[in-house]
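Visitor: Okay, here's the prediction I keep looking at, along with the sequence it came from:
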Amino acid sequence: MNANNELNVLKATAQQIRRDVLLMINNAQSGHPGGPLSAADYLTVLWFKYLRCDVKNPFWEQRDRFVMSNGHCSALNYALLARRGFFDPGYLLTFRTLESRLVGHPSRVKLPFIEVSTGSLGQGLSVAHGMALGAKLRGWDDATIYCNCGDGELQEGSCWEAITSAGHRKSENLVLMVDYNNAQIDGFVPDVKELAPLAEKLRAFHWRVIEADGHDFEQIDRAFAEAKQRAGKPTALLFRTVMMKGCPSFENIPGWHGRPPTDDEARVMLRELGFDDDLEKARASMGNRDFHPAVPMEEQL
Amino acid sequence: MNANNELNVLKATAQQIRRDVLLMINNAQSGHPGGPLSAADYLTVLWFKYLRCDVKNPFWEQRDRFVMSNGHCSALNYALLARRGFFDPGYLLTFRTLESRLVGHPSRVKLPFIEVSTGSLGQGLSVAHGMALGAKLRGWDDATIYCNCGDGELQEGSCWEAITSAGHRKSENLVLMVDYNNAQIDGFVPDVKELAPLAEKLRAFHWRVIEADGHDFEQIDRAFAEAKQRAGKPTALLFRTVMMKGCPSFENIPGWHGRPPTDDEARVMLRELGFDDDLEKARASMGNRDFHPAVPMEEQL
Amino acid sequence: MKTPQLQSVLPSKFWKMELTREGYGRTLVELGHENSRVVVLDADLSQSTLTKYFAAEFPDRFFEMGISEQDMMNTAAGLSLTGYIPFLSSYAVFLTSRSLDQLRNTVDYTRLNVKVAAAHGGISVGRDGPSHQSMEDLSNTLVLPNMTVVVPADEPQAEAVTRWAADYVGPVYFRLGREKVPTITDGESSFEHGKAQVVIEGEDGTIIACGLMVSEAIKAAELLATEGIFPRVINVATLKPLDTNAIDAAAQQTGAIVTAEEHSIYGGLGSVVARHIAESSHRVPMRIVGIPDIYLTSGSPEELLEVAGLTAKNIAMKLKEVIKAK
Amino acid sequence: MKTPQLQSVLPSKFWKMELTREGYGRTLVELGHENSRVVVLDADLSQSTLTKYFAAEFPDRFFEMGISEQDMMNTAAGLSLTGYIPFLSSYAVFLTSRSLDQLRNTVDYTRLNVKVAAAHGGISVGRDGPSHQSMEDLSNTLVLPNMTVVVPADEPQAEAVTRWAADYVGPVYFRLGREKVPTITDGESSFEHGKAQVVIEGEDGTIIACGLMVSEAIKAAELLATEGIFPRVINVATLKPLDTNAIDAAAQQTGAIVTAEEHSIYGGLGSVVARHIAESSHRVPMRIVGIPDIYLTSGSPEELLEVAGLTAKNIAMKLKEVIKAK
Ligand SMILES: Cc1ncc(C[n+]2csc(CCOP(=O)(O)OP(=O)(O)O)c2C)c(N)n1
Ligand SMILES: Cc1ncc(C[n+]2csc(CCOP(=O)(O)OP(=O)(O)O)c2C)c(N)n1
Ligand SMILES: [Mg+2]
Ligand SMILES: [Mg+2]
């Protein structure tokens, strides 16, 4: 596949994942669409091109690890896992129901493909760094630990403890991705509590910083490629993104952080993403709602 | 008093306060000498020249406020209060005993001159900022809130939440003083967890930063004078200091963070500070051990 | 002990459903008008905690702290030290863990005048899952020596508690819920600090409940009435200080006790009542209805309450157990 | 139930005094040699928690996290997820408040294999004052569904617990003290997970104690013996899971219970025992000896324990009370 083609395929995958996310949240009438749609592009590139994992051997020790520190983006995490082949996409529609493994916020207890249970903001980066230190000590030299954080999330002091630690320890196998969509629940980040100049801050904490447009696949691709080159320090990828990206009528409105779309809204969103807007058909197209992991769970644990 | 004379008097006061601190801790056989001796010079200048307070009216609403966020420097806080006239210096020798108001870490419950109870690191700056916001809202335009933090203390993420908030809100009536002695309990700060480049970090968080040698009285004086000029943003004074300053045989040894000197050690310390080394006489010279506040407590609360 | 009338409680089929956080948010606005010293803080959840009403009306007295619960707690502490009466809000689970050190060492130790209004208490939070459900907040605050801990049962009581908290000098923790709950108390008289309310008179045993579970207790009493069993139902809105008189009277007069709360069986209402009973001279059988010692998962509030056994049916069953054991 | 021999407990005048944290620190070094998966973290208190021994011996497996308890807790979580067995230490009061959210949502919820060894538990911390004294750590950890909570009574038991924790898979919280405490258990057999130990046999009532208070309980038994009263003394090192068999046996066979702990009367040993008793069919009188619901101040450990009533004399008095109330 040539480079252009490859990016086009990734682009299409990202759109499909956006559709999954919206269908999951609409179906559950519960969940957070805003962040998943802003992070879908770059996380699709990560999961489908860069993340070293093996669907047939999901607990391969030397794998790369992905931590969704902003756990409210759970729908995106689950959709990535399903589309990457860890379990059947139809199962996504059990999201947030009592019997499902797809808990409101990512739960390793219920779904062992989740590396770390999250939901309380500001915790993932320290855990990811712990994994990075562990991987180094175990001699898993190729393993990279990727951690996704919201920009609002970085207001938690606990993030800055992790940032300080990783900078201090020069943990070069740690990659932080910031979903820099400028929005959080109570408004735009600069109004709620300013984060800028984030790149400057991180550099002062001894991180390498790579900035990219989080919706430009070439920039995203370059950013991850560069991040793979070890730099003697941890790497932060600042992805400039737009909340609800892909659905222009809803973009960049903080109110969409955590509101499930009604059926009418969901139909508009699907159309704007470029899909047919028949919700029932769309749900049916995801397949039946069995979990059906690539490898039976008993064999895995 | 001309400027030179004034600084010489302050210098002498700082030495006396160092002596108080050592006698308190030696007498209690408990407490933290390292930080108090590194911060004694600049905090003496603050308390005896810049801090707007009134011994006869200690709860004057529009006063400046001082927060010892690194509460283990309690001995210094108490000695400053006593030497400034809030209560009798002899009472200092009740430090850390059951009946005393001079609790191990500063307690507003026991001693209302303490603006905020501290001891758990990383809490003072947020409280100080809350006071700064309150002072602004009350219209106490001349009131400045001063907060002292240890350099190790700044490893607490909670400090960075406060730093972010104050920068975001441009709280120009807030002054952070960092006792940058490069030492904490487990070693030197750069070894434990690097803080540098602190000035750069704080500037990226929208603070004004003023650096000074924390043992050079002219630099200290200039720094506080400059800090008094409102800048449209909060101010950080980074005082480069030496742990156990004034006692050369003990200087810059992290082990002295929290170890009470034996009588023999205390005698050497007093000599190195330039005092007579008779401990009993020194204690007696502080006066009797009654609290005896400048204004009777009943009238104050 | 004076006891309200049984007839003041409507049968459950007539109950109106309302949000406790709505009562909180609206009352804050009233307080804002009445008292210029009332200020409010939030940590990026004003849309849920409903402090947004206050924010809109009094932007100068509203402090949006961003996602920084520790900073929020201590900023409130600082504001209280300059004469303000700060109310702060976020979710119960975060306020009593992420910022617990601040709540303990700064607010509680010095008895600062800070009001912690915790939204989304309990498991009725629902689909967000265990990371957002709070089963420990009462335990984590009851153990603080100077804290007053209150769980309003419904919207009018949440209003009354908010109003009371603004007058009371000292730290208060009170818990609000995510979901609408039945209105069972009435406005004016719905809260008295430190006093439990007998919402249904009875002698066959006592159900001591707080929060959401008060209405379940009333429903349990309705169920039991069909079997000729008439328990007392007590709403213990103030968990600390606990109204031990009401408990002593219940033990003496009814001889059997069931507690009911939307909280872990560790450290909450059941625990403090059990401790009181165990150390007293009463020898009455007792059962605790609370969240068993597990994490729940996502689900509708009703599903989760059912899974945890926080239902009228379970309360009624336990009451029959203790009556048998009398 | 098998019970150790009475004669295995030395009279108090022969007791050797040792540090529980010394037992911890030394055992970590042994474990470090035996198992390369054991790693240790500290937050700038390795000089007090005595993880410094491990740090000196295994610098590559020691992680100095600086003054960042939250980061330490979750870094340990991450290390456990790559196959390591992390022990982490700081003071009890900070670990169970500053980093409680991390302990709850990351470590406990997912049952991660993290061992939290909390130094300076209780008020015997002494002169540092209330900011450094821990009266709530057991409450804050007992309420966590997956946590094992242990309070070793002395140095040999601290060693045994440390060793056991390295083998056990899952989260463990255990509490160490600042001061030397009497050695009353013996090495090998000194700890069995989830099993209480009868350290003195007796039938006149039971003292259920943990930590420092086990030796006070033994002293209380010595005092009472002079009056012809022979209580059973039980060391409940594992507070969770609680050995309810031992408690049931005590209630049935001795008919009166006093608990004794260096912890708030809220949410600790007394509370969990009271809850068990209240819900059981036993109707035995009970008293809880614990830290009353106040903050203490600076003072010598002995002074503070005296002020709080954590003394053999007070235990003995309470035991006579419950015997009278049988
Ligand atoms: C510790 C904690 N505090 C508060 C919340 C509630 N909360 C969930 S998401 C969110 C806003 C997150 O903003 P951001 O990280 O920018 O994510 P985005 O809205 O862009 O998806 C908040 C406050 C939480 N989950 N955890
Ligand atoms: C939250 C918290 N964690 C740990 C401690 C224990 N502690 C007290 S002082 C100190 C070191 C402080 O270092 P620094 O701020 O540089 O002060 P210095 O030693 O220079 O006086 C530590 C870790 C504490 N008091 N609070
Ligand atoms: Mg955002
Ligand atoms: Mg220092």
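Guide: Structure received. Ligands and ions are numbered 1, 2, ... in the order given.

Visitor: Need the nearest residue in space to residue 154, chain neighbours excluded.
Guide: Since you didn't name a chain, this refers to chain A. Spatial nearest neighbour of A:Leu154, chain neighbours left out: A:Leu195 (5.8 Å); criterion: CB to CB, 6 or more residues apart in numbering or on different chains. Yep, even glycine has a C-beta here, placed from its N, CA and C like the rest.

Visitor: my bad, the chain I had in mind was chain C
Guide: Distance criterion CB to CB, 6+ apart; nearest residue to C:Asp154, sequence neighbours excluded, is C:Thr183 at 4.8 Å.

Visitor: Which of the three states applies to the residue nearest to A:Leu154?
Guide: coil (DSSP: H, G, I helix; E, B strand; the rest coil).

Visitor: can you check A:Ser30 too?
Guide: Applying three-state DSSP: A:Ser30 is coil.

Visitor: what's the helix or strand for the residue nearest to it when sequence neighbours are not counted?
Guide: Using CB to CB, 6+ apart and skipping the chain neighbours, the partner closest in space to A:Ser30 is C:Arg127 (4.1 Å). Using DSSP states H and E, C:Arg127 sits in no helix or strand.

Visitor: who's in contact with C:Arg127?
Guide: Contacts of C:Arg127 were listed using CB atoms under 8 Å, 6 or more residues apart in numbering or on different chains, and they are A:Ala28, A:Ser30, A:Gly31, A:Arg96, A:Gly104, C:Ser298, C:Gly299, C:Ser300.

Visitor: let's see 7 Å
Guide: A:Ala28, A:Ser30, A:Arg96, A:Gly104, C:Ser298, C:Gly299 (CB atoms under 7 Å, 6 or more residues apart in numbering or on different chains).

Visitor: ok, so of the residues you listed, who is nearest D:Glu179?
Guide: Closest approach between the contacts of C:Arg127 and D:Glu179, by CB to CB: A:Gly104, at 45.6 Å.

Visitor: what's near enough to touch the residue of the stretch 151-300 of chain A found nearest chain C?
Guide: Closest residue of the stretch 151-300 of chain A to chain C, CB to the nearest CB: A:Lys193 (3.2 Å). A:Lys193 makes contact with A:Gln155, B:Thr164, B:Ser165, B:His168, C:Gly66, according to CB under 7 Å, 6+ apart.

Visitor: coming back round to it: from the contacts of C:Arg127, which is closest to chain B?
Guide: A:Gly104 (25.6 Å).

Visitor: and that closest one, how many neighbours?
Guide: 30 (other CB atoms under 10 Å in any protein chain shown).

Visitor: quick one: which helix or strand includes it?
Guide: A:Gly104 belongs to no helix or strand, assigned by DSSP H and E.

Visitor: If we ignore the residues flanking it in sequence, what's nearest it?
Guide: Nearest one to A:Gly104, counting by CB to CB, 6+ apart, is C:Gly129 at 3.5 Å.

Visitor: residues touching that neighbour, list them.
Guide: A:Val103, A:Gly104, A:His105, A:Ser107, A:Gly119, C:Thr297, C:Ser298.

Visitor: do C:Glu222 as well
Guide: If you count contacts by CB under 7 Å, 6+ apart, C:Glu222 has them with C:Pro11, C:Ser12.

Visitor: Could you verify that it is part of a helix?
Guide: Yes: assessed by three-state DSSP, C:Glu222 belongs to a helix.

Visitor: Flag the shaky bits of the chain, pLDDT-wise.
Guide: No chain specified, so I'll use chain A. A:1, A:298-301 (pLDDT under 70).

Visitor: ah, I was thinking of chain C
Guide: Using pLDDT under 70, the flagged stretches of chain C are C:1-8, C:187-188.

Visitor: care to break it down by domain?
Guide: C:6-15+C:188-325, C:18-182 (automatic domain parsing).

Visitor: State the number of residues packed around the closest residue to chain D within chain A.
Guide: Nearest to chain D in chain A, going by CB to the nearest CB, is A:Gly130, at a distance of 1.9 Å. Per other CB under 10 Å, the neighbour tally for A:Gly130 reads 35.

Visitor: does it sit in a helix or strand, and which one?
Guide: Going by DSSP H and E, A:Gly130 is in helix A:124-138.

Visitor: Just the angle for the next helix or strand after that helix relative to helix A:124-138, thanks.
Guide: Proceeding N to C from helix A:124-138, the next assigned helix or strand is strand A:145-150, under DSSP H and E. Per axes from the mean of the first three to the mean of the last three CA atoms, to 10 degrees, the angle that strand A:145-150 makes with helix A:124-138 is 170 degrees.

Visitor: And for strand A:145-150, what's in contact with it?
Guide: Contacts of strand A:145-150 (CB under 7 Å, 6+ apart): A:35, A:39, A:43, A:46, A:51, A:64-70, A:124-125, A:128, A:131-132, A:135, A:159, A:173-179.

Visitor: let's see it at 8 Å
Guide: Here strand A:145-150 makes contact (CB under 8 Å, 6+ apart) with A:35, A:39, A:43, A:46, A:51, A:64-70, A:72-73, A:121, A:124-125, A:128-129, A:131-132, A:135, A:159, A:173-179, A:181, A:184.

Visitor: Run through the helices of chain A in chain order.
Guide: For chain A, the helices defined by DSSP state H cover A:3-28, A:34-45, A:74-84, A:124-138, A:157-168, A:189-192, A:198-204, A:217-228, A:263-273, A:279-285, A:297-300.

Visitor: In stretch A:46-53, which residues are buried?
Guide: A:Leu46, A:Trp47, A:Phe48, A:Tyr50, A:Leu51, A:Cys53 (16 or more other CB atoms under 10 Å in any protein chain shown).

Visitor: Check those against ligand 1 and report the nearest one.
Guide: A:Leu46 (16.9 Å; CB to the nearest ligand atom).

Visitor: which ones are touching that closest one?
Guide: Taking CB under 8 Å, 6+ apart, one finds A:Phe66, A:Tyr146, A:Met177, A:Phe224 in contact with A:Leu46.

Visitor: Check the gap between it and chain C for me.
Guide: 23 Å (CB to the nearest CB, to the nearest Å).

Visitor: Enumerate the residues of chain A near ligand 3.
Guide: With CB under 5 Å from the ion as the criterion, chain A meets ligand 3 at residues A:Gly150, A:Asp151, A:Gly152, A:Asn181, A:Ala183, A:Gln184.

Visitor: can you tell me how far the second one sits from C:Arg163?
Guide: Taken as CB to CB, to the nearest Å, the spacing of A:Asp151 relative to C:Arg163 amounts to 37 Å.

Visitor: So between the two, which is more surrounded?
Guide: Taking other CB under 10 Å, A:Asp151 and C:Arg163 do not tie; A:Asp151 has more neighbours (26 against 17).

Visitor: residue contacts, the more buried one?
Guide: A:Asp151 sits in contact with A:Val178, A:Asp179, A:Tyr180, A:Asn181, A:Asn182, A:Ala183, A:Gln184, A:Val189, A:Leu195, A:Leu198, where contact means CB under 8 Å, 6+ apart.

Visitor: Can you give me the neighbour number for the fourth one?
Guide: What it means is A:Asn181. 28.

Visitor: Tell me if I'm right that it and A:Gly34 touch.
Guide: Yes: contact criterion CB atoms under 8 Å: A:Asn181 and A:Gly34 qualify, at 7.4 Å.

Visitor: Pull up the overlap in contacts between the two.
Guide: Common neighbours of A:Asn181 and A:Gly34 (criterion: CB under 8 Å, 6+ apart): A:Met243.

Visitor: ok, now how distant is C:Tyr173 from D:Thr226?
Guide: Where D:Thr226 is concerned, C:Tyr173 sits at a distance of 46 Å (CB to CB).

Visitor: got it, and C:Leu45?
Guide: According to CB to CB, C:Leu45 and D:Thr226 sit 61 Å apart.

Visitor: any idea which element the residue in chain C that ligand 1 sits nearest to lies in?
Guide: Per CB to the nearest ligand atom, C:Asp44 is where chain C lies closest to ligand 1, at 3.7 Å. For C:Asp44, there is no helix or strand it lies in under DSSP H and E.

Visitor: what sits against it?
Guide: Neighbouring residues of C:Asp44 by CB under 8 Å, 6+ apart: A:Gly152, A:Gln155, A:Gln184, A:Ile185, A:Asp186, A:Val192, C:Glu64, C:Met65, C:Gly66, C:Ile67.

Visitor: Much appreciated, bye for now.
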